[in-house]
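Asker: Mind folding the following:
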Amino acid sequence: MPSFYLATDLLYMVWPPARTSPPVVMPPGYRLRLYREEDAAAYCALANLDGWQDTGWRCSERTLRDMLVRVLPRGFFLVEEIATGALVATATARHRPNADTYDFPFGGEICLVFVHPEHRQRGLGRAMTAVALHRLVEVGYPNIYLNTTEERIPALRLYFGMGFTPLLYTADVTERWRAVCVTLGQPFTPELWPEQAEHWA
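Answerer: Residues are numbered from 1 along each chain as shown. Just a heads-up that it's a prediction; the model follows:
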């Protein structure tokens, strides 16, 4: 695995606007709330457990400040474990029409979805993705997307299961999605997937 991902390594998935957003189901024992300024240190500690530093991003005072510029009002979500008050999951909905390798006209991004390793496989990743999606739908974004890589197999399985669709913006990306589908046991149906984000506008 490379020490960081280039922009061309990213895979994009989009949310078909005609599809109904999935419900936000919070597992028992957890509480959903919005980010507060005093959460900065705990948030970075959680985010940096995830391993996203291999993408070239690591949470720090500077990178968090830069990220907050794009986050929608009421679009920075946290989950607390009720018993301990510890932050265990997060996601953001942010304005980002210009992604690393592709432009999404009037685009909104679901990004930085993290779940503490000790709290995975409980439905928190799905809940956080869904709540960020709901916020972007509520605002009225015509193009909603997220990015990932081939290595994030659990995340890819989650996104397919929720109804996100691969974006085929190059022939190379199409072949990469073929390999992903083989790994996941997911039908490879490129004829049903968009080749440009504008198709969803």
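Asker: mind checking pLDDT for the residue nearest to Ile153 when sequence neighbours are not counted?
Answerer: The shortest distance from Ile153 to any non-neighbouring residue, by Cβ to Cβ, 6 or more residues apart in numbering, is to Thr183 (6.4 Å). Quick note: C-beta positions are derived from backbone N, CA and C, even for glycine. Looking at Thr183, its pLDDT stands at 96.
Asker: And for the one 4 residues further on?
Answerer: Per-residue confidence (pLDDT) for Pro187: 96.
Asker: lowest-confidence helix or strand of the protein?
Answerer: Across the helices and strands of the chain, mean pLDDT, DSSP states H and E gives its lowest value to helix 61-68, namely a mean of 91.
Asker: The residue nearest to Ile153: how many residues sit nearby?
Answerer: 11 (other Cβ atoms under 10 Å).
Asker: who touches the helix or strand hosting it?
Answerer: For Thr183, the host element (DSSP states H and E) is helix 171-184. Residues outside helix 171-184 that contact it (Cβ atoms under 8 Å, 6 or more residues apart in numbering): 11, 150, 153, 156-157, 160, 166-168, 186-188, 190, 193.
Asker: how far off helix 61-68 does the very next helix or strand once past the least confident helix or strand of the chain point, in degrees?
Answerer: Scanning forward in sequence from helix 61-68 by DSSP H and E, the next helix or strand is strand 71-81. Orientation check (axes from the mean of the first three to the mean of the last three Cα atoms, to 10 degrees): strand 71-81 against helix 61-68 gives 120 degrees.
Asker: low-scoring stretches of the protein, by residue?
Answerer: Applying pLDDT under 70 to the chain flags the ranges 1-8, 51-56, 197-201.
Asker: which residues sit in contact with Arg120?
Answerer: Pro154.
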